[in-house]
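1. my questions are about this predicted structure, shown below with the sequence.
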Amino acid sequence: MVPDTPNPEPETPNPPLLEPSIFIRGLTKRYGSHVAVDDLSLTVMPGEFFGFLGPNGAGKTTTIRMLVGLLRPDAGQVVIAGHDLASDPLGLKGAIGLLPDELNLYERLTAREFIQFAGTMYGLPRDAVLSRTEELIGLMELEEHATKMIVDYSAGMKKKTAMAAALIHNPRVLFMDEPFEGIDAVSSRALRHVLDRLRERGTTVFFSSHILDLAERLCTRIAIIHLGRVQAVGTLPDLRTGIGLPDEARLEDVFLALVGAPPEKDDLSWIA
Amino acid sequence: MDRLIPIVALKLRLVFRQGRGPWAVVGILLMVLCFVVPFGIGLGAFTYMGLEALPGRDKGEFLHLALMGVWVFWLVFPVVGFSLNQSYDLTRLFIYPISRRTIFVANLLACLLDPTMLLVLPMFAVILLSRGGSLGAAPLVFLALALFLAQTVAFSQAMLWGLLNILRSRRIRDWAILLAPLIALTFYLAPHLLASGAMGGGPDTFRKLVAWHPSRYLGYTPVGMAAGAIEAAARGAYVEAAGRLFGAAGYLVLTIALGGFILSRLHIGEIGAQPARKARQASAAREPALQRLATNPLAALALKEARYYWRDPRHKSMFIAPLFPMAVVLAGALTTGIWKPPAAIAFTAFVCLASFSALFQNIFGVDREGLRLLFVTPCDREDILIGKNIAAVGAATLTSGVAVLAVGAILGDAPLAAICAAFVFPFALILSSVGNIVSIHLPQRLARRGENPFTTSSSVGCLAALTRLGALMVAWLIGLPVFAGALLPTVLHRPGAYGFTVPLAVLYAAGVYAGVLRFYAAGALARNETRILEQCLTGEAT
């Protein structure tokens, strides 16, 4: 699964093999007779901005929860940043950051208290916790509200607070489930800027979203999941070529073709 | 009419669906049967005793007092209940094409059919039978009571709508959650004290109550109009009664007009819109001293838990819990002498600690959505348990200790209370040890706002509740050596032995705690955290 790196100079030592940031094989989750995630396999390399797209109920959130150790898989292997989920779950958790779809906030803490708490729980030294918290509060434009309890925040402010907590320990892999939902344009731009910088520094971003325009702009590679199975993986041109769409086809066209857009339904009888 | 009935039905349905699951309706019915009906009957009995005990003119004064109590209660109750019951928020109906008049009338009708009306019906029946004994007086008394009730309900609703802006704020909602159990406490205490006062003091009690002549101050208020009309009708002064009824009807018309006006302002958004609050300027320099202490995961967790206990009203109500056993034993000890100091002190300690067992047995439920962060961090799982236990044991020890000392001081047996308080910590530690195992294997989703913070969701079921009760009993069995340490020196008349038994009890409890944690709980947590998460967040295990 790890791609071989060509060796241009036989005389010089081999460059180290690039280990995947995320390695998933045969991941499966069943709820009774319903298979939510079905034998899913993926490999994501360091520094990739990996889009994990699919319609509602496709299994995106279930997959992410299994990858970060918040849901027990029924089968399969997960290795993230060199840590096997089954044998080294705490090592894996130390290497990742998570922005879940339903935010993981302690709503009766202030943003500052929450971010500091997260930093401490990730084992950062106190000085780093304090200085990074202030930087993150500034970056997320939460200064004016940092002493208010999170329960009083707007949806966008809550998301930014959760994002700050996910970034404080400089994770090697960042999982984000619908990160841009409910965030205004200004905050969204700031967040994209942070994500770009993280990617430049080698952080892998694994990102699920319904906003296909944004995924098209941000993602270096995309997987489209439907009914718990990966339908296609690759760059946007790869995906277009794979299903025979023209070069000008947008991600939305690729997505609809892969998940099988339902036939046009009849109009509602009373809205003729 | 086609919209009136569905709105009334909706409001009543919401009253009975404040909890989750099929048992919620049973819970509400039980509450009505156990608290509302007895309290209503108690009020009726008290009114009957007052009207029987007092001579001629004083009966009218007493009526003023009784009706004023009803009026004030109806003003306060919906305001406190607003945060707990969405049926009070009628602005949700504004998106539908329903006239304001329909909303207004439906709301009043629903209030009159609300179970809380059972509180006043016995009292009104007593007044009707006692003061409307003659053929001429009966219809006038009935009319006076009906006008009074309609005015009271309409005024309380008008006030509620006028205060919507304030009532919707998070701070007020938080306070309401704390006030609700205190009001429930008065449901227990008020009839108890009133009955014991009336029984013990006889007519003197009632004479003292009306000594300030309430009619002087309330005569021209809605309360005074209704009470005056009833009293005049009872005396046979029908013209005066009719005049006062006219006044009561005038108040009702004015109140309805006021309610209609407030409703019209609400409808166009001039009341109820929440103004943005100015945020306090944040400053890193104002870092709380406590935060500086939280330099490792264990301290950070304990601090986070403590903050949650204090800031979340559903957890803060834990600190009010000791008031209930205290009220029971103090009311019994000070009025009838049924509780002797040793029993009162021991009962207070037992009930306080038992009430905290709900927290000990569900330490992950407190975290709610935050549990995802906790379990996605690489923090040592043993530290997670210890950090949470430090806060829980600390809260239980402090609260129960203070309650025990307070009861001891009030009943004049402070030394016994001090000894009892010294054994609270080791008992709390043992409860926490057993609670850790229950928290891991029977995690529980905490009820949402407005529900009892530590009640089980319907999916957990009866078996889980019995298991928790069994676990509590096991904890008390494990705590028998601590109990022996508390009891034996007194039984053997060797108080000096407490110098040994207290530290021995602490050592024993610490040993139990460390053993359970090291040899079982930490590992079990690591193995079960995904299941705990699902159970605590969705109420369903995968």
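-> Cool, the structure landed.
2. is the host helix or strand of residue B:437 anywhere near chain A?
-> Using DSSP states H and E, residue B:437 sits in helix B:424-441. No - against chain A, helix B:424-441 shows no contacts by Cβ under 8 Å from any Cβ of the partner chain, the least distance being 14.8 Å. Any C-beta I mention is one placed from the backbone N, CA and C, and that applies to glycine too.
3. give the buried residues for that helix.
-> Going by neighbour count (16 or more other Cβ atoms under 10 Å in any protein chain shown), the buried part of helix B:424-441 is B:424-440.
4. again with stretch A:86-93
-> A:88-89, A:92-93.
5. list the helices and strands the helix holding residue B:437 packs on?
-> helix B:341-360, helix B:381-410, helix B:461-478, helix B:480-491, helix B:498-516, helix B:522-538 (3 or more Cβ pairs under 8 Å, 6 or more residues apart in numbering or on different chains; DSSP states H and E).
6. export those to a markdown table and tack on mean pLDDT, mean neighbour count and distance to chain A?
-> A markdown table is the format used below for those (pLDDT from 0 to 100; neighbours: other Cβ atoms under 10 Å in any protein chain shown; distance: least, Cβ to the nearest Cβ, whole Å):
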| stretch | mean pLDDT | mean neighbour count | distance to chain A |
| --- | --- | --- | --- |
| helix B:341-360 | 88 | 22 | 15 |
| helix B:381-410 | 92 | 21 | 8 |
| helix B:461-478 | 86 | 15 | 19 |
| helix B:480-491 | 90 | 16 | 33 |
| helix B:498-516 | 94 | 17 | 22 |
| helix B:522-538 | 89 | 19 | 4 |
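7. from what I can see residue B:368 touches residue B:446, true?
-> Yes - Residue B:368 lies in contact with residue B:446 (Cβ atoms under 8 Å); the separation is 6.5 Å.
8. overlap in contacts of those two?
-> Taking Cβ atoms under 8 Å, 6 or more residues apart in numbering or on different chains as the criterion, residue B:368 and residue B:446 both touch residue B:536.
9. from the buried residues of stretch A:86-93, list the ones also adjacent to chain B.
-> Applying Cβ under 8 Å from any Cβ to the buried residues of stretch A:86-93, one finds that A:89, A:93 fall near chain B.
10. let me know the closest of the buried residues of stretch A:86-93 to residue B:157.
-> Nearest to residue B:157 among the buried residues of stretch A:86-93: residue A:93, at 52.8 Å, using Cβ to Cβ.
11. part of a strand, is residue B:445?
-> No - per DSSP: H, G, I helix; E, B strand; the rest coil, residue B:445 lies outside any strand segment and is coil.
12. tell me the residues of the stretch 101-250 of chain B that contact chain A?
-> residue B:170.
13. could you report the separation of residue B:299 from residue A:117?
-> 11 Å (Cβ to Cβ, to the nearest Å).
14. who has more neighbours, these two?
-> More crowded of residue B:299 and residue A:117, by other Cβ atoms under 10 Å in any protein chain shown: residue A:117, with 28 against 17.
15. that one belongs to a helix, doesn't it?
-> Yes - looking at residue A:117 with three-state DSSP, it is inside a helix.
16. and it, how close does it get to residue A:129?
-> Taking Cβ to Cβ, one finds residue A:117 at 9 Å from residue A:129.
17. residue B:428 too?
-> 31 Å.
18. same thing with residue A:208?
-> 29 Å.
19. put the alpha carbons of the helix holding residue B:437 into CSV.
-> The C-alpha trace of helix B:424-441 is given here as CSV (Å, rounded to 0.1, in the frame of the first residue of the first chain):
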residue,chain,number,x,y,z
VAL,B,424,-18.3,11.3,55.6
PHE,B,425,-15.0,11.4,53.6
PRO,B,426,-14.2,7.6,53.9
PHE,B,427,-17.8,6.7,53.1
ALA,B,428,-17.7,9.0,50.0
LEU,B,429,-14.4,7.4,48.9
ILE,B,430,-16.0,3.9,49.1
LEU,B,431,-19.1,5.2,47.2
SER,B,432,-16.8,6.6,44.6
SER,B,433,-14.9,3.3,44.2
VAL,B,434,-18.1,1.3,43.5
GLY,B,435,-19.5,4.2,41.5
ASN,B,436,-16.5,4.0,39.1
ILE,B,437,-17.4,0.4,38.2
VAL,B,438,-21.1,1.4,37.7
SER,B,439,-20.1,4.4,35.7
ILE,B,440,-18.0,2.3,33.3
HIS,B,441,-20.6,-0.6,32.9
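20. now the strand or helix carrying residue B:255: buried residues?
-> Per DSSP H and E: residue B:255 is located in helix B:238-267. Residues B:241, B:244-245, B:247-249, B:251-252, B:255-256, B:258-259, B:262-263, B:266-267 are the ones in helix B:238-267 that count as buried (16+ other Cβ under 10 Å).
21. same question, stretch A:171-190
-> Counting neighbours by 16+ other Cβ under 10 Å, stretch A:171-190 gives A:171-180, A:182-183, A:187-188, A:190 as buried.
22. which stretches of the stretch 101-250 of chain A form helices?
-> Assigned helices in the stretch 101-250 of chain A, in chain order: A:111-121, A:126-139, A:155-167, A:185-200, A:212-218, A:236-242 (criterion: DSSP state H, counting those that start in this stretch).
23. ok, which of the buried residues of stretch A:171-190 also contact chain B?
-> Within those, nothing lies near chain B by Cβ under 8 Å from any Cβ.
24. around chain B, pick out the residues from the stretch 151-272 of chain A.
-> Counting by Cβ under 8 Å from any Cβ, the residues of the stretch 151-272 of chain A that sit close to chain B are A:151-152, A:165.
25. so can I have CSV of these showing pLDDT, distance to residue B:315 and neighbour count?
-> As requested, those are arranged in CSV below (pLDDT from 0 to 100; distance: Cβ to Cβ, whole Å; neighbours: other Cβ atoms under 10 Å in any protein chain shown):
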residue, pLDDT, distance to residue B:315, neighbour count
A:151, 86, 13, 15
A:152, 86, 18, 16
A:165, 93, 22, 30
